[in-house]
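1. need coordinates for the following:
(one chain, ligands or ions: 1)
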Amino acid sequence: MQLFDTHAHLDDEQLADNTVDILADANRHDVSRILTVSTTLASCYRSLRLAEEHSGVYAAVGIHPNYCHEASLAQWQEIETLVDRPQVVAIGETGLDDHWDFCPFELQQEYFTRHIQLSHRSGLPFIVHMRDCEPQMLETLASSRDAAGQLNGVMHSFCGSQLAAEQCLEWGMHISFAGMLTFKRNHELREIAASIPSDRLLIETDSPYLSPHPCRGQRPNTPALVRHTLQCLADVRKTSIEDMAAITTANALRFFQIPASP
Ligand SMILES: [Zn+2]
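-> Predicted coordinates:
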């Protein structure tokens, strides 16, 4: 099996001191590729460095919705120049967060739109964070579709409604599941996961946050644990873990335009 953890924050301080061990552990558990996702300009440079230094690690560049208020226009313009780097395969993470009060919502929306426009220009897919703001999210996505009415993006660590999933799928988006899929109470989420077309599914850990069951509570979460989310996805879709691994890895390689043999 070859697994692709499509969303981790390897540059986070909880992980950054142990990169070599974490990647070795991931490899032992069949995780051969990891997308490390940035949250600020400084994080973009750390992610780029990780991707340069370790084969199988790729970078996404962007400003997380909870950090937009700390970014200057010059910093955003610098991020725009980073998309041409060979290690960069996605834009993000971007999106909207109405749970934390860190950044004014209007500013988040402005940055979200900028990220989507950068995705359109660069041809790289964008990575969406959504928390407690589904109606506003769908509204913003609806108004950001490309000339063909499509969106080249992924809803990361999805925990929205069936309706939101269906709408995003209709717009051509991918849906990525993280550890929350495995939590006991999340029956509805597993039902949604069972209904997503095979060719739109991705898996991730969102390390260092929210370790999957049965490692729930383990800190930090690491890419090696993505297998538990994969197993859960295989179970709800009544298929084997090997089959689910092949499907999700092929989807990730195609979505991020990464050649199959490194
Ligand atoms: Zn994230």
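
2. could you point out the longest helix of this structure?
-> What stands out as the longest helix in the chain, according to DSSP state H, is helix 105-122.

3. with only the CA atoms kept, save that helix in CSV.
-> Extracted C-alpha coordinates of helix 105-122, given in CSV (Å, rounded to 0.1, in the frame of the first residue of the first chain):
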residue,chain,number,x,y,z
PHE,A,105,-14.9,37.7,8.9
GLU,A,106,-14.9,40.2,6.0
LEU,A,107,-11.1,40.1,5.8
GLN,A,108,-11.2,36.3,5.8
GLN,A,109,-13.6,36.4,2.9
GLU,A,110,-11.4,38.8,1.0
TYR,A,111,-8.4,36.5,1.5
PHE,A,112,-10.4,33.5,0.6
THR,A,113,-11.4,35.0,-2.7
ARG,A,114,-7.7,36.0,-3.4
HIS,A,115,-6.6,32.4,-2.8
ILE,A,116,-9.2,31.1,-5.2
GLN,A,117,-8.2,33.7,-7.8
LEU,A,118,-4.5,32.6,-7.4
SER,A,119,-5.7,29.0,-7.9
HIS,A,120,-7.4,30.0,-11.1
ARG,A,121,-4.3,31.8,-12.4
SER,A,122,-1.7,29.2,-11.3
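
4. hmm, who's touching stretch 182-189?
-> 158-159, 162, 177, 180-181, 212-213, 216, 228-229, 232 (CB atoms under 8 Å, 6 or more residues apart in numbering). Where you see a C-beta, it was placed from the backbone N, CA and C, and this is true even at glycine.

5. which of those residues sit farthest apart?
-> Greatest spacing in these, by CB to CB: Gln162 and Arg216 (24.2 Å).

6. between those two, point out the one with more neighbours.
-> Applying other CB atoms under 10 Å to Gln162 and Arg216 shows that Arg216 carries more neighbours, namely 15 against 12.

7. got a list of what that one touches?
-> Here Arg216 is in contact with 179, 182-183, 210 (CB under 8 Å, 6+ apart).

8. so where is the stretch 101-250 of the chain shaky, pLDDT-wise?
-> Within the stretch 101-250 of the chain, no range satisfies pLDDT under 70.

9. what are the ranges of the strands in it?
-> 126-131, 153-155, 174-177, 201-203 (DSSP state E, counting those that start in this stretch).

10. quick one: closest of those to Phe255.
-> Phe255 lies closest, by CB to CB, to one member of the strands of the stretch 101-250 of the chain: strand 174-177, at 5.8 Å.

11. related to what we said a few turns ago, Serialize the strands of the stretch 101-250 of the chain to a markdown table and add fields for mean neighbour count.
-> Below are the strands of the stretch 101-250 of the chain laid out as a markdown table (neighbours: other CB atoms under 10 Å):
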| stretch | mean neighbour count |
| --- | --- |
| strand 126-131 | 25 |
| strand 153-155 | 27 |
| strand 174-177 | 26 |
| strand 201-203 | 24 |
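
12. who wins for proximity to Asp243 among those?
-> Taking CB to CB as the criterion, Asp243 comes closest to strand 201-203 out of these, the separation being 11.6 Å.

13. Gly149 and Pro208: what is the separation?
-> 37 Å (CB to CB, to the nearest Å).

14. same thing with Arg237?
-> To Pro208, Arg237 is 27 Å away according to CB to CB.

15. higher neighbour count, Gly149 and Pro208?
-> Pro208 (19 against 10).

16. what count of nearby residues applies to the nearest residue to that one once chain neighbours are set aside?
-> Distances taken as CB to CB, 6 or more residues apart in numbering place Pro220 nearest to Pro208, at 3.2 Å, with adjacent residues excluded. Using other CB under 10 Å, Pro220 has 17 neighbouring residues.

17. mind listing what Pro220 touches?
-> By CB under 8 Å, 6+ apart, the contact set of Pro220 is 12, 14-15, 207-209, 211.

18. which one in this protein is furthest away from the centre?
-> Farthest-out residue of the chain from its mean C-alpha position, per CA atoms, centre = their mean: Ala74, at 25.1 Å.

19. state the helix or strand in which it lies.
-> Using DSSP states H and E, Ala74 sits within helix 73-82.
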